[in-house]
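Engineer: my questions concern the predicted model and sequence given below.
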Amino acid sequence: MKFVSKAGYGVTGAALAIMFLFPLLWSGWASLRTSSGFGLENYDRLFTSDNGIRPHHIVNSLTVSLLTVGGTLLVATLGGYAFGRFRFPGRDALFLLTLAILMVPYATILIALYVLLGWFGLQDSLIGLSLVLIMFQLPFSLFMMRNSFEAVPRELEESAQVDGCNSFSALLRIMLPAVRPGLITVGLFAFLASWNEFFAPLILLNSTDKFTTTLAVVNMRTASHGSIDYAALEAGVVFMAVPCLLLFAFMQRSYVRGFTSGALKG
Amino acid sequence: MRSRRQLVATVAAVLLTAALGACTDKEATGGDSTAGVDDGAALTLWTRAATESVSKAYADAYNAKHKNKVTVTAYPNEEYPAKLASAAGAKALPDLFATDVVFAPQYASQGLWADITAGFAASGVKDKVSPGHVRAGTWEGKTYAVPHTVDMSVMLYNKDLYTKAGLDPEKPPTTMKEFAEHARKIDKLGGDVNGTYFGGNCGGCVEFTFWPSVWAAGGDVLDDKGANAKIDSKEMADVFALYRALYDEKVAAPASKDEAGPTWLGALQSGKIGIAPGPSVWLGLIEEKGVKMGVAPITGMDGGESTFIGGDSIGIGATSTKQAQAWDFLNWTMSEEAQVEVIAKNKGVPIRTDLASNKYSSADPRIVTINSLVAKGKTPYAKNFNASFNDPQSPWLQTVRGALFGDAAKSLTDGNSAISKSLQQS
Amino acid sequence: MPTTVQRSSQRPLPAWPAAEAARRKGGRARRRSLVGAAYAAPTAVMVGLFFVAPLLLVVWMSVNRWPLLGAPTFNLPDNYAHIADNQLVGSAVWFTLKYTVLMTVLLFSLAFGLALLVQNRRRGVGFLRTAFFLPMAVGFASASLLFLGLLSDEIGPVSDALRAIGLVDGYVSWTSGSSASALGSTMVLVLWRFAGFNMLIMLTGLQAIPVEVYEAARIDGASRWQTFRRVTLPLMRPTIALVLTLMITGSVLAFDQFWILTRGGPDNSTTSLVMVIYREAFIKLDLGSAAAISVALLAVLVVVNIVQLGVLRRRSS
């Protein structure tokens, strides 16, 4: 049903697109603007100033992101399969409990998590941080994967069973390809969240050599006691956003399909 | 069921750990080995971003000549308290950590630093370091922190603008009333030049720059124990009224109202502000931008001089297992060698009152002026200082905003009770 | 919530004794449920270890006076009773409520509007969808920093543009000039960042409506508005429920945007509840009090979500 006329669509669409794209475009423009026109000066400051980004920051961010994506995919796929296809005692309770994670703010459980990680010997570690980030991703990922699995027609699974597959090989061979859009969406969001995460790494990491890129960029906000280097800050924002934008561009079709494959009908 | 049993076990374990951990709080006091131990230990030092360069300078100089090695980690200023609180809550404080001196009473009262009374007494410099800092790090008679850096508030004025306005750049104001006159004269230069500037949305900035005028006039803002506020005194009201008038006359830059701190230095570096109070460490930073600056003490309404002795205090983390080694570093930072070669050489203010004039300071007479102020200033003391004064949600900031931009009389009266209540919270 | 799980076709049982047959069927079902539980085990471990355990600790902390170092002392109901005394909590509750209502209404309308705009295959619709969704690529902390620069006087174009048009005179601070502009700045930030995400969720709901239903309405002569009200909205109910839950919870728990953009100002006019919790824990170092406020907040959220889901589900069934 077309609710919007053609002309309305064209004009409104264009105006909205400009408004939505403007901040990012401005950010890129501002990051290239120097006192003498345009150039890469700000990026230079971003990487070389005292509080700037260093290679180890990027390595740490990548490590945490990969661990989070891998862990989230693993837990959410197995869990989504369980919730979407099996019935077992405590299923609904566990699912609701997972959703409840959305209702608790960071500030509340961060100290308790810090204590917990210390007890496991995982304090000040990228692995410990990743585990916490995986937990925070669970509500969205599990919801997504459960609905993705539910949307797979039973016949596919049954035909596999007839062929003698057990549930695990059915999962690997039949279900995973079927829920690929969901997997890509979950992976993408897990990457976005972990790559951009600020508060958790701040509290859970202690050593400078473990710091992530986001911490370094936010540090620039209060750098040089008393004046914000806005241009370098915008360069930092752009630098952080570029990998995400690239991923978005490449995975666009997949995650849109992930959303529209009935996975988020509520 | 598997998951539920696991859950119960884990919870029990966590609670047990928390309870057990709570019992093993204070380690043996670092005061046993009063001389410190240098045996090649790796020590961690935390500091806030604003102090990073100084802490690193100390660490580098120490590491070059000692077996122990100190590694410095700096955290964003605003989030540093959260970082410390989390580490403390997890009983995982670093070996050393520095904080803003006004937060020291709170951390000392919470036992976040180890007791260094004995070591400090035996160090020989007990009466030779900034007394305000020492007091801030003392709780119930025991010493927990020593001075790390000193940062004082002074009047910074633009010598070029002074000349342009027909004022003598070698004769800074000796009273606040004179300061206002000078600011008005400079503002008349017009264009985008403004007479003065202040941090109207920043509790810490205002206390740092306005309180010395109260002290210079013989008044006070807090009682001795830090339990009652006196910010509704005549002296404080006069100071607020003076700055308020300057703002209303547009002599103070309009941006002052929203200045929350991050762009304060930038405003002074623009070279368009005539005279304004600010941190003494900014002298060099502003001159880097090519602005010729003069320095003068902050005065009272009709005379007198004072300063807010700020900076950082540093102590040994209470949960550290290397307290003797950490003390070795702390002790060294207070030595003449450290204070002259690390601090004074880099134009900083030594924490040692007996080293105020040293071989580096005499090179610049302005440094001599600044250093001499340590004897004339105060470091305010209150256990709940941060929550009452510095925090953006503090009753002090509300009072400041009211006094400068709203109903002044009411803000001061209401604010005083609110601040006192906050100070007394246990 | 409509599920897409279909009943598997019932296979005729072989002609064995009934008990034997029942036992076999029960055995298979039990085995299947064990397998399911096995797949759900990693989730259970993660949730139990990293969520439930800390949460229980927080509940325990809320009934104690909990110093950072040193032993806690039981003090129920002090922490909870003092919440009422805390002036900042009162104004934060009020502000958070106001913010939640405003934000939910605006964000919902925008997301729904965007979804309606791009639901049909038209020229450029893919581009539009991407444009609206792109802000999600920027982390929330980064986005806040972005807006800090965008709205700043130093390098931001907003003040300059408005000055050029003449709408604004002289210096203006959008993030701390007045409570209205501070609130407005943060709301624009959130709208920009989250409209696309919610639009996609709404889109899936819209696209799940079969074309035939619209056809039937058109044949019946329903106008566009009538179709929207009588066909689209009711069928979108589960999607709307999901979106509203996310938005309301997100707004009640808002922190980052206020912390970075406005610092709760000016004059505490944009101080949210989570900021107050943060302050209790990390500035006043009163972990027990922070825990108490958190538990109260969690309870409220649980109740709100249950009520909301219940209301929406009853009307849909």
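Structural biologist: Good, I have the coordinates. Computed from a prediction, not measured in an experiment: that's the story for all the values here.
Engineer: residues contacting the residue in the stretch 51-200 of chain C that chain A sits nearest to?
Structural biologist: When distances are taken as Cβ to the nearest Cβ, the stretch 51-200 of chain C reaches nearest to chain A at C:G139, 2.1 Å away. All C-beta atoms are positioned from the backbone trio N, CA, C, and that covers glycine. Taking Cβ atoms under 8 Å, 6 or more residues apart in numbering or on different chains, we find C:G139 in contact with A:192-193, A:195-198, A:214, A:240, A:244.
Engineer: could you rerun that using 7 Å?
Structural biologist: Contact criterion Cβ atoms under 7 Å, 6 or more residues apart in numbering or on different chains gives A:195-196, A:214, A:240 as the residues in contact with C:G139.
Engineer: domain ranges for the chain, per the record?
Structural biologist: Let's take chain A. Structurally, chain A divides into domains by automatic domain parsing as follows: A:2-39, A:51-263.
Engineer: ah, I was thinking of chain C
Structural biologist: Under the assignment automatic domain parsing, the domains of chain C span C:2-62, C:81-316.
Engineer: residue 94: neighbouring residues, count only.
Structural biologist: Since you didn't name a chain, this refers to chain A. By other Cβ atoms under 10 Å in any protein chain shown, 22 other residues sit near A:L94.
Engineer: nope, chain C please
Structural biologist: Each residue near C:W94 was counted by other Cβ under 10 Å, and the total is 11.
Engineer: element containing it?
Structural biologist: With secondary structure defined by DSSP states H and E, C:W94 is part of helix C:87-118.
Engineer: give me the low-pLDDT residue ranges for chain B?
Structural biologist: Residue ranges of chain B with pLDDT under 70: B:1-33.
Engineer: gap between A:L246 and chain B?
Structural biologist: 28 Å (Cβ to the nearest Cβ, to the nearest Å).
Engineer: and that residue, that one's in a strand?
Structural biologist: No - following the definition DSSP: H, G, I helix; E, B strand; the rest coil, A:L246 is helix and is not counted among the residues of a strand.
Engineer: look up the closest residue to C:V168, ignoring the ones flanking it.
Structural biologist: The shortest distance from C:V168 to any residue that is not its chain neighbour, by Cβ to Cβ, 6 or more residues apart in numbering or on different chains, is 4.1 Å, and that residue is C:L162.
Engineer: in which helix or strand would I find the one you found?
Structural biologist: Counting by DSSP H and E, the element that carries C:L162 is helix C:157-165.
Engineer: what distance separates that helix from the centre of its chain?
Structural biologist: Put simply, helix C:157-165 sits 34 Å off its chain's centre (Cα atoms, centre = their mean, to the nearest Å).
Engineer: same question for stretch B:141-156.
Structural biologist: Computed by Cα atoms, centre = their mean, the chain-centroid distance of stretch B:141-156 equals 7 Å.
Engineer: next, count neighbours for B:D39.
Structural biologist: Close neighbours of B:D39, defined as other Cβ under 10 Å, add up to 11.
Engineer: which ones are touching it?
Structural biologist: Listed by Cβ under 7 Å, 6+ apart, the contact partners of B:D39 are B:67, B:325.
Engineer: that's a helix at it, yeah?
Structural biologist: No - under three-state DSSP, B:D39 sits outside any helix and is assigned coil.
Engineer: roughly how far does it sit from B:A326?
Structural biologist: B:D39 sits 12 Å away from B:A326, going by Cβ to Cβ, to the nearest Å.
Engineer: try A:V186
Structural biologist: According to Cβ to Cβ, A:V186 and B:A326 sit 46 Å apart.
Engineer: and the helix holding C:W94 with chain B, contact?
Structural biologist: Yes - residues of helix C:87-118 contacting chain B under Cβ under 7 Å from any Cβ of the partner chain: C:L88.
Engineer: buried ones in that helix?
Structural biologist: Using 16 or more other Cβ atoms under 10 Å in any protein chain shown as the burial criterion, the residues of helix C:87-118 that qualify are C:88-89, C:91-93, C:95-96, C:99-100, C:103-104, C:106-108, C:110-118.
Engineer: which helices and strands does it pack with?
Structural biologist: Contact here means 3 or more Cβ pairs under 7 Å, 6 or more residues apart in numbering or on different chains; DSSP states H and E; on that basis helix C:87-118 packs against helix A:6-32, helix C:125-133, helix C:179-207, helix C:237-252, helix C:273-282.
Engineer: what sits up against stretch B:382-392?
Structural biologist: Contacts with stretch B:382-392, where a contact means Cβ under 7 Å, 6+ apart, come from B:81, B:102-103, B:105-106, B:109, B:203-204, B:207, B:222, B:226, B:394-396, B:419, B:422-423, B:425, C:263-265, C:279, C:283-284.
Engineer: so which of those residues reach chain A?
Structural biologist: Restricting those to those touching chain A (Cβ under 7 Å from any Cβ) yields no residues.
Engineer: now a ChimeraX select for only the buried ones of those.
Structural biologist: Buried subset of the contacts of stretch B:382-392, written as a ChimeraX selection, criterion 16+ other Cβ under 10 Å:
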select /B:81,102,103,105,106,109,203,204,207,222,226,394,395,396,419,422,423 /C:263,264,265,279,283,284
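Engineer: so for the residue lying closest to C:M236 once chain neighbours are set aside, what's the pLDDT?
Structural biologist: Spatially, and ignoring its direct neighbours in sequence, C:M236 is nearest to C:G205 (4.7 Å; Cβ to Cβ, 6+ apart). C:G205 is assigned a predicted lDDT (pLDDT) of 86.
Engineer: and if you look at C:L235?
Structural biologist: Per-residue confidence for C:L235 comes out at a pLDDT of 87.
Engineer: need the phi and psi values for the closest residue to it other than its chain neighbours.
Structural biologist: With sequence-adjacent residues excluded and distances taken as Cβ to Cβ, 6+ apart, C:L235 is closest to C:I209, at 5.0 Å. For C:I209, the backbone dihedrals (degrees, to the nearest 10) come out as phi -80, psi 120.
Engineer: isn't C:I209 right up against C:L233?
Structural biologist: No - when contacts are counted by Cβ atoms under 7 Å, C:I209 is not listed as touching C:L233 (10.4 Å).
Engineer: quick revisit: what count of nearby residues applies to the residue nearest to C:L235?
Structural biologist: The burial count for C:I209: 16, using other Cβ under 10 Å.
Engineer: next to chain A, which bits of the stretch 51-200 of chain B? Give me the list.
Structural biologist: Within reach of chain A by Cβ under 7 Å from any Cβ, the stretch 51-200 of chain B has these residues: B:73, B:76-79, B:82-83, B:86, B:89-90, B:92.
Engineer: chain C next: which of those residues are close?
Structural biologist: When Cβ under 7 Å from any Cβ is taken as the criterion, the members of those that contact chain C are B:82, B:89.
Engineer: next, format the residues of the stretch 51-200 of chain B next to chain A as TSV and append secondary structure and neighbour count.
Structural biologist: Formatted as TSV, these follow (DSSP: H, G, I helix; E, B strand; the rest coil; neighbours: other Cβ atoms under 10 Å in any protein chain shown):
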residue	secondary structure	neighbour count
B:T73	strand	20
B:P76	coil	21
B:N77	helix	21
B:E78	helix	19
B:E79	helix	22
B:A82	helix	22
B:K83	helix	21
B:S86	helix	22
B:G89	helix	25
B:A90	coil	25
B:A92	coil	19
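Engineer: nearest to B:G271, of the residues of the stretch 51-200 of chain B next to chain A?
Structural biologist: Looking at those and their distance to B:G271, the nearest is B:N77, at 25.6 Å (Cβ to Cβ).
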